[in-house]
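1. When you get a sec, could you give me coordinates for this:
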Amino acid sequence: MDPIAGMRKQYSKETLVESGVSPNPIDQFALWWKDALDHGVDEPNAMTLATCGINGSPHARIVLLKGYDNNGFVFYTNYQSHKGLQITQNPQVALLFFWRELERQVRIEGTAHKVSDADSDEYFNSRPYESRIGAWVSAQSEVIASRDVLELKVKEIEQKFEGKTIERPKFWGGFCVQPEKIEFWQGRPGRLHDRILYTKNDDLSWRISRLAP
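-> Numbering: from 1, shown residues only. Below is the predicted model:
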């Protein structure tokens with residue numbers, strides 16, 4: 001047998017039943033988020049972001065969650081990057097958290113929109129110095145000749161802001177993904193996993209369903 005085909009893990013840590021979940025998926029996410037923190041999950045805020053531009057070609061990458069509430073899930077990026085441009089073309093996106101230590105996944109589908117300039121400024125100003133410089137330096141997703149291009153740009157930007165406040169570049173900021181569907185997945189033995197899906201109704205309430213594994 002192919003070694004890859006033979007790789008498998010038995011999931012048996014927890015269960016997930018309709019009677020045990022919150023009526024609101026954000027509250028349910030908060031419970032699982034606390035579990036992830038309490039159990040020392042490695043980078044619990046790392047999430048896959050999937051986007052699809054007007055040409056129909058999907059792209060996926062890891063980004064970091066920087067906040068969540070009933071409005072949605074927030075991350076920050078260069079608006080001129082591949083993901084930024086694709087979101088501008090098609091704001092329908094998907095997020096995926098995989099918390100291996102808890103044998104859990106959370107899948108989110110919804111619409112992304114830019115957060116306010118004030119929110120982007122507040123987060124940008126909280127970033128470490130190197131990260132603020134990096135936002136100016138990187139023409140994210142564009143082809144560059146070598147690493148030296150970045151190193152030279154760092155020196156230029158450091159000189160530009162020497163003794164000054166590093167302002168947020170207008171091409172950099174946050175997106176908030178407003179969820180329309182949120183699925184909570186709990187690994188179970190025999191691949192009979194628990195899957196609880198929340199779907200937003202027209203009146204903004206949530207419908208809870210169980211999905212076959």
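2. Every contact and neighbour count from this point should use C-alpha atoms.
-> OK.
3. Who are the packing partners of the helix or strand hosting residue 185?
-> Residue 185 belongs to strand 172-186 when assigned by DSSP states H and E. Here strand 172-186 touches strand 72-78, strand 104-114, helix 117-126, strand 194-200, going by 3 or more CA pairs under 8 Å, 6 or more residues apart in numbering; DSSP states H and E.
4. Who does the second one pair with, and is each partner parallel or antiparallel?
-> Read it as strand 104-114. Partner strands and pairing direction for strand 104-114 (DSSP bridges) are strand 92-99 (antiparallel), strand 172-186 (antiparallel).
5. Pull the residues that contact that strand.
-> Strand 104-114 is contacted by residues 87, 91-99, 173-187 when judged by CA atoms under 8 Å, 6 or more residues apart in numbering.
6. What angle do helix 117-126 and that strand make with each other?
-> Counting by axes from the mean of the first three to the mean of the last three CA atoms, to 10 degrees, strand 104-114 lies at 120 degrees to helix 117-126.
7. now swap in the first one and tell me
-> Using the same axes, to 10 degrees, one finds that strand 72-78 and helix 117-126 are set 70 degrees apart in direction.
8. From the chain's centroid, how far away is strand 72-78?
-> 7 Å (CA atoms, centre = their mean, to the nearest Å).
9. Moving C-terminal from that strand, which element do we reach first?
-> helix 82-89.
10. In that next one, which residues are buried?
-> Across helix 82-89, burial judged by 16 or more other CA atoms under 10 Å covers 82, 83, 84, 85, 86, 87, 88.
11. any idea how far it is from the chain center?
-> 15 Å.
12. Send me that helix as PDB with only the CA atoms.
-> C-alpha atoms of helix 82-89 as PDB (Å, rounded to 0.1, in the frame of the first residue of the first chain):
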ATOM      1  CA  HIS A  82      -4.100  38.700  -5.100                       C
ATOM      2  CA  LYS A  83      -6.600  38.100  -2.200                       C
ATOM      3  CA  GLY A  84      -7.400  41.800  -2.000                       C
ATOM      4  CA  LEU A  85      -8.100  42.200  -5.700                       C
ATOM      5  CA  GLN A  86     -10.100  38.900  -5.800                       C
ATOM      6  CA  ILE A  87     -12.200  40.000  -2.900                       C
ATOM      7  CA  THR A  88     -12.800  43.300  -4.700                       C
ATOM      8  CA  GLN A  89     -14.000  41.400  -7.800                       C
END
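13. Before I go, just wanted to say thanks for your time.
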